[in-house]
Structures are given as C-alpha cells and as structure tokens.
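>>> With the input below, show me the fold.
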Amino acid sequence: MNRQIVVDEKTIPVTFADISERLLSSGTDSVRFRTKRLCENALRRMTDVRETLNGDAATARAYLAKHVEKIVMELDGGMYVASGG
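Okay, the predicted model is just below:
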C-alpha cells in the first residue's frame, strides 16, 4: 500500500517495504545503524567524564563547574547520595 509523507514541503511516496528496509537494513542510513552510533557516542562520552572525574581534582572540579550549579550531599542510611542541578 502506498502512502505519502511530506518532508520540507515535498511529497514523497513511501511503501511499507521502504519503511521496513530503512528500519532493518544494515546500511549507514538505517535506524538501527544510527541508534547504534548514538549509543557508542554516548558511552564514549560517559567514559571521558569518568576519566576526567577520576583524574586530577582541580580538573574534575573545573569540569563540574561548567555543567553543575551545585551538588547537595545527603546521608541516606550508611552512604551519601548526591543531587543537584
């Protein structure tokens, strides 16, 4: 069954097969490939943050100061829980 979508004021005919191909293909324009790439980038950046925070204290403090206004430490049982914004 043919459907049409509008992208940037242009009407494009699409079929269920087109959509399935885009979702399931292994090409660089597939949704699966893009999602995988986003996850890889997020994990890499999280690793970078961990390395920064586990390194020199002054560097970690400067990094946090760029991204966090305050950190509130609250005692919860036998450990502290950090929160802030």
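>>> Okay, helices next: where are they in the protein?
For the chain, the helices defined by DSSP state H occupy 16-24, 31-54, 57-67.
>>> who's in contact with the last one?
Contacting residues not belonging to helix 57-67 are listed as 49, 52-54, 71 [C-beta atoms under 8 Å, 6 or more residues apart in numbering]. To be clear about C-beta, it is placed using only N, CA and C from the backbone, and glycine gets the same treatment.
>>> cool, and the longest one?
Contacting residues not belonging to helix 31-54 are listed as 22-27, 59-60, 63-64 [C-beta under 8 Å, 6+ apart].
>>> one more time with 7 Å
22-24, 26-27, 59-60, 63 (C-beta atoms under 7 Å, 6 or more residues apart in numbering).
>>> could you give the mean pLDDT of it?
Mean per-residue pLDDT for helix 31-54: 89.
>>> That one vs helix 57-67, what angle?
130 degrees (axes from the mean of the first three to the mean of the last three C-alpha atoms, to 10 degrees).
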